[in-house]
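Peer 1: below are the sequence and a predicted model for it; my questions follow.
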Amino acid sequence: MAKLQVAIDLLTTKDALALAAKIAPYIDIIELGTPLIKNEGIAVVTAMKQAHPDKLVFADLKTMDAGELEADIAFKAGADLVTVLGAAGDATIAGAIKAAKAHGKGIVVDTIGVADRVKRAQEVTKLGAEFVELHAGLDEQWTEGYSIQVLIDEAARAGVPVSIAGGVNINNVTAVIKAGAIVAVAGAAIYGAEDPAAAAKALREAIDAV
């Protein structure tokens with residue numbers, strides 16, 4: 001069964017915890033966004049894991065160097081999954097994966113900024129990544145002509161476990177899962193909704209229906 005991941009791009013621990021409390025029944029993975037972790041520090045990871053021990057807590061560090069060290073910090077704080085950038089060298093990714101294995105956790109490789117996401121996804125899967133996030137960042141999504149269909153097409157071609165992040169919403173989540181994504185990552189579609197719980201519930205039902 002495909003998983004639903006919420007990307008929490010709020011800026012305070014209080015707001016992140018309040019949102020997670022509303023949507024917890026419908027989601028599998030709680031992602032603490034990079035701006036949130038930079039603003040609040042790694043303690044937000046611990047706070048979220050303590051509040052939701054039954055959920056996978058995803059620390060979006062977007063590590064580019066010192067992979068083993070940074071991943072170890074996040075895993076010790078309670079993270080279940082940590083991101084390393086696909087643009088990083090293989091040694092950085094391998095180091096992070098080493099830390100993940102030591103903790104019995106996982107590394108997700110984020111392909112934001114990578115020119116050939118499919119090729120890189122295949123390469124880092126061989127290194128031992130838990131899955132690969134085919135990701136168009138917020139700035140890219142706001143670029144004229146952007147379409148999530150690019151990521152959906154890449155997921156269908158990748159042939160390795162991937163998630164899709166880059167504008168997932170109720171209108172496209174079915175296509176995301178049908179393309180083979182094992183995780184659908186929704187951010188603004190949930191936290192920006194008038195009723196986040198209802199939005200998360202609708203996404204959950206759409207995923208389960210595929």
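Peer 2: Perfect, I can see it now.
Peer 1: helices of the chain, start to end?
Peer 2: Counting by DSSP state H, the chain has helices at residues 13-23, 34-40, 43-51, 67-77, 90-103, 117-127, 138-141, 149-158, 173-178, 188-191, 196-209.
Peer 1: least trustworthy helix or strand in the chain by mean pLDDT?
Peer 2: Counting by mean pLDDT, DSSP states H and E, the weakest-scoring helix or strand in the chain turns out to be helix 138-141, with a mean of 92.
Peer 1: what sits against the closest residue to Tyr146 other than its chain neighbours?
Peer 2: In space, and not counting its chain neighbours, Tyr146 is closest to Glu140: 6.1 Å by CB to CB, 6 or more residues apart in numbering. Every residue, glycine included, has its C-beta placed from N, CA and C. Neighbouring residues of Glu140 by CB atoms under 8 Å, 6 or more residues apart in numbering: 112, 146, 166.
Peer 1: measure Glu140 to Pro35 for me?
Peer 2: Here the criterion is CB to CB, to the nearest Å. By it, Glu140 lies 16 Å from Pro35.
Peer 1: so what's the residue count around Glu154?
Peer 2: 20 (other CB atoms under 10 Å).
Peer 1: do you know the pLDDT at it?
Peer 2: For Glu154, the model assigns a pLDDT of 98.
Peer 1: correct me, but it touches Leu134?
Peer 2: Yes: under the criterion of CB atoms under 8 Å, Glu154 makes contact with Leu134 at 5.3 Å.
Peer 1: now for those two: what residues contact both?
Peer 2: With CB under 8 Å, 6+ apart, Glu154 and Leu134 have common neighbours 117, 121, 162.
Peer 1: would you agree the last one is in contact with Gly180?
Peer 2: What it means is Val162. Yes: if you go by CB under 8 Å, Val162 and Gly180 touch, sitting 7.1 Å apart.
Peer 1: which one's more surrounded, these two?
Peer 2: Val162 (31 against 18).
Peer 1: hmm, back to that, return the distance of the residue nearest to Tyr146 relative to Glu40.
Peer 2: Counting by CB to CB - Glu140 and Glu40 are separated by 25 Å.
Peer 1: on that earlier part again, pick out the shakiest of the helices of the chain, pLDDT-wise.
Peer 2: Among the helices of the chain, helix 138-141 carries the lowest mean pLDDT, at a mean of 92.
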